[in-house]
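**Student:** sequence and computational prediction follow.
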Protein chains: 2
Amino acid sequence: MNIGIIGLGLMGGSLGLALKKINTKYHVIGYDHNQKHRQEALELNLVDEIYDTLDKMKKCAIIVLTIPVDAIITTIYKLQDISKDCTIIDFGSSKSKISSSIPTEMRELVVTAHPMTGTEKFGPNAAIDNLYKDKVMVVCDIEKSGELQRNRAITLFKDIDAKVIFMEANEHDRHASFISHMPHAVSFAIANSVIKQEDAENIVALAGGGFKSMSRIAKSSPNMWEDIFRQNRDNLLESIDSFNREMMLCRKMIESEDWRALHKWMLEANSLHDIL
Amino acid sequence: MNIGIIGLGLMGGSLGLALKKINTKYHVIGYDHNQKHRQEALELNLVDEIYDTLDKMKKCAIIVLTIPVDAIITTIYKLQDISKDCTIIDFGSSKSKISSSIPTEMRELVVTAHPMTGTEKFGPNAAIDNLYKDKVMVVCDIEKSGELQRNRAITLFKDIDAKVIFMEANEHDRHASFISHMPHAVSFAIANSVIKQEDAENIVALAGGGFKSMSRIAKSSPNMWEDIFRQNRDNLLESIDSFNREMMLCRKMIESEDWRALHKWMLEANSLHDIL
């Protein structure tokens, strides 16, 4: 079966590697609007073949969109004349806006999903063959997808060893704002607060594992994250407010030297790891 | 040479393992006020021998204090009658209060240092033999230590392959608040903001690598961190304020939909990794 991957960065490239690893079930065709990425993807063996226009990709039985979330919406529009047997899958990190933007007449063709995996790296070079293995794949508003499309998508997700979870797009976006979008905003803020210090280089020279963990995702692509923050703005503001309340509470306990309350608050935070 | 390690958790246990690995230069003696930890340290082979009272430890040529920062101060007081040839080293994460709390008549005996390494785990079981390898060891106010003590400490740090950096305690505490103490406060706040959501378990079920990185150090010991936050309160408040300003700026750009400015702000955050 021909499967087309549009967007040959970390997510798309890793999908190509995972599909090429399993067997010969899928013939993997890649497309990226960036000519250099197309070339690299071929050299890195992320795909079996490269097409050089979006139009040619329309022949694939499955098309996976692994591009920034705003581009997902514009690309789905460009695929409006596609065959009704086609399955379009998107891997965007925000889901409501995408799910509701798909033209009604092609809504059945699309399965909108979000793999809960990634690294701070991007581009074809960032691709790794086990990115999806044992990771959660959230599939949203599945009742809006056609039966053929559901089956093809779920089979594909199982083929790459992802754990499939179903959820409404709204619910996904609220959850994702807490476990992914707000933490990214926080990591960018930590990085900027340190960079703006007069002696930033001396400070960073001391960085241990804690700081490296907390600033790692501040390496992430602004192109990708601007779109996600825009699409999930309302939930993101809510999760940032929730975080800020905790941060203000923490600050207040330190300022007023209420160490007993601070200790209790840290113990509560420890309990996250009973459910994680 | 007999070296005594007081506190057989992650830091002390890992020091024991590192010293036992190199050669027979050091005979490693452990002490912990927790009897269970003493037993575990022996079973895990973190030390050559265990002493069961603090008094017996006074015979060691070098004593390393790998205990919470408030306990470091009280323990140094208990060691006041120690021989003038002894070298006491502490590994506390905040340095000014410790450096200035040492009784004048024994100030020369003490070398106050902070290894910029660690994990979120604690207790003897958390010990690993390469915790200090190639990591920065900040040595503070070294001019206040005697020549014998300086030499013994620096030699010890080189023996465990740490990279020694010298700094004033005040400067260390300001830097440490930005790269370690504030990020810990932030991680605790992220954990608490998620835990307090009605559907915390469903949210956490989706956690990918980003959330795991950002919440990892929220597993850290409240016993240890309460003391650090108390001792480094003023710097910590300053670094939290610096972080909060960035977070508020981020929130404002998202609320007012100033995506251009947000994009630029994220690009600036990316640049941290040019110096990290």
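**Tutor:** Everything's here; your move.
**Student:** helices along the stretch 151-276 of chain A, start to end?
**Tutor:** Assigned by DSSP state H, counting those that start in this stretch, the helices in the stretch 151-276 of chain A fall at A:169-176, A:182-195, A:200-204, A:209-216, A:222-231, A:233-255, A:259-270, A:272-275.
**Student:** now these as a markdown table including mean pLDDT?
**Tutor:** Formatted as a markdown table, the entries for the helices of the stretch 151-276 of chain A read as follows, by pLDDT from 0 to 100:
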| stretch | mean pLDDT |
| --- | --- |
| helix A:169-176 | 97 |
| helix A:182-195 | 98 |
| helix A:200-204 | 93 |
| helix A:209-216 | 95 |
| helix A:222-231 | 96 |
| helix A:233-255 | 98 |
| helix A:259-270 | 98 |
| helix A:272-275 | 93 |
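**Student:** deepest in the core, which of those helices is it.
**Tutor:** When the helices of the stretch 151-276 of chain A are scored by mean count of other C-beta atoms under 10 Å in any protein chain shown, the highest mean neighbour count falls to helix A:182-195 (a mean of 26). (Each C-beta comes from the backbone N, C-alpha and C, glycine too.)
**Student:** packing partners for that helix?
**Tutor:** Packing partners of helix A:182-195 (3 or more C-beta pairs under 8 Å, 6 or more residues apart in numbering or on different chains; DSSP states H and E): helix A:200-204, helix A:209-216, helix A:233-255, helix B:182-195, helix B:209-216, helix B:233-255, helix B:259-270, helix B:272-275.
**Student:** how close does residue A:20 sit to residue A:137?
**Tutor:** 19 Å (C-beta to C-beta, to the nearest Å).
**Student:** ah, wrong one, I meant residue A:73
**Tutor:** Separation of residue A:73 from residue A:137 (C-beta to C-beta): 20 Å.
**Student:** give me the below-cutoff pLDDT ranges for the stretch 51-200 of chain A.
**Tutor:** Per-residue confidence of the stretch 51-200 of chain A (counting by pLDDT under 70) places no residue in a weak region.
**Student:** can you spell out the domain ranges of chain A, please?
**Tutor:** The record's domain split for chain A, according to automatic domain parsing, is A:2-167, A:172-275.
**Student:** could you dump those into JSON lines with distance to residue B:202 added?
**Tutor:** Rendered in JSON lines, the data for the domains of chain A read as follows (distance: least, C-beta to C-beta, whole Å):
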{"stretch": "domain A:2-167", "distance to residue B:202": "9"}
{"stretch": "domain A:172-275", "distance to residue B:202": "7"}
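**Student:** coming back round to it: ok, which of the helices of the stretch 151-276 of chain A comes nearest residue A:38?
**Tutor:** With C-beta to C-beta as the criterion, residue A:38 lies closest to helix A:222-231 of the helices of the stretch 151-276 of chain A, at 17.8 Å.
**Student:** quick check: the residue positioned nearest the centre of chain A vs residue B:253, distance?
**Tutor:** Relative to the mean C-alpha position of chain A, the nearest C-alpha, by C-alpha atoms, centre = their mean, is the one of residue A:93, at 4.2 Å. Summarising the geometry, the distance separating residue A:93 from residue B:253, computed by C-beta to C-beta, is 19 Å.
**Student:** now do residue A:92
**Tutor:** For residue A:92, the distance to residue B:253 under the criterion C-beta to C-beta works out to 21 Å.
**Student:** again with residue A:240
**Tutor:** Using C-beta to C-beta, we find residue A:240 at a distance of 11 Å from residue B:253.
**Student:** same thing with residue A:124?
**Tutor:** Relative to residue B:253, residue A:124 is positioned 31 Å away (criterion: C-beta to C-beta).
**Student:** same question, residue A:84
**Tutor:** Per C-beta to C-beta, residue A:84 is found 42 Å from residue B:253.
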